[in-house]
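# Below: sequence and its predicted model.
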Amino acid sequence: MAVIYVDADACPVKAEVETVATRRKTPVKMVANGGLRPSPNPLIEMVYVDDGPDVADIWIAERAGPGDIVITSDIPLAARAVEAGALVLKPNGERLTATNVGNALAMRDLAADLRAADPFRQGGGKGFTKADRSRFLDALERALR
């Protein structure tokens, strides 16, 4: 049976994942460094990992595989999950695949280089919208069909 792994620390669609997973009777592992309340939903397992860079990402990458779904904005985690055969969705509903995850990694690295070259550069990221939430719900429903 498929498992949904959620990189939960900064995930804006945790409630949506729980709603869809409950409707589809799919188990979910919400992986975080802490600070998230456990869900009373028996399908939702809270997995608390140690503090540290990428600890939650490593935990998910070591377990996700074919048939599983990974919800993350973290591109290196997405690349590892895609390589392992999991389906990857960003919180805005965008699907990352073997075809586009390399480009996403390159864009991430370029953005990091631009930020490093100009320490006064501010923000630049788009806010999370209702349309993003709606696209995510649709993408997760399609993925679980």
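Alright, I've got the coordinates.
# quick one: the helices in this protein?
Secondary structure of the chain (DSSP state H): helices at 14-24, 55-63, 75-83, 101-117, 130-144.
# Where in the protein is the helix or strand with the lowest mean pLDDT?
Per-element confidence for the chain was summarised using mean pLDDT, DSSP states H and E. The lowest value among helices and strands belongs to helix 101-117, with a mean of 61.
# can you pull the contacts of the residue minimising distance to the centre of the chain?
A centroid search over the chain (CA atoms, centre = their mean) returns T72, at 1.4 Å, as the residue closest to the centre. Residues in contact with T72, defined by CB atoms under 8 Å, 6 or more residues apart in numbering, are 6-7, 11, 57, 60, 78, 81, 88, 90. Any C-beta I mention is one placed from the backbone N, CA and C, and that applies to glycine too.
# Likewise for F128?
For F128, the set of contacting residues under the criterion of CB under 8 Å, 6+ apart consists of 12, 91-92.
# Kindly report the same for I71.
When the contact criterion is CB under 8 Å, 6+ apart, the partners of I71 are 4-7, 11, 13, 17, 88-91, 140.
# Format these as JSON lines; extra columns: pLDDT and distance to S134.
Conversion of the contacts of I71 to JSON lines gives the following (pLDDT from 0 to 100; distance: CB to CB, whole Å):
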{"residue": "I4", "pLDDT": "98", "distance to S134": "18"}
{"residue": "Y5", "pLDDT": "98", "distance to S134": "22"}
{"residue": "V6", "pLDDT": "98", "distance to S134": "18"}
{"residue": "D7", "pLDDT": "96", "distance to S134": "21"}
{"residue": "C11", "pLDDT": "94", "distance to S134": "16"}
{"residue": "V13", "pLDDT": "97", "distance to S134": "11"}
{"residue": "V17", "pLDDT": "97", "distance to S134": "14"}
{"residue": "V88", "pLDDT": "95", "distance to S134": "19"}
{"residue": "L89", "pLDDT": "96", "distance to S134": "13"}
{"residue": "K90", "pLDDT": "93", "distance to S134": "14"}
{"residue": "P91", "pLDDT": "95", "distance to S134": "12"}
{"residue": "L140", "pLDDT": "97", "distance to S134": "11"}
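# My read is that N41 contacts T19, right?
No: in this structure N41 lies outside contact range of T19 using CB atoms under 8 Å: 9.8 Å.
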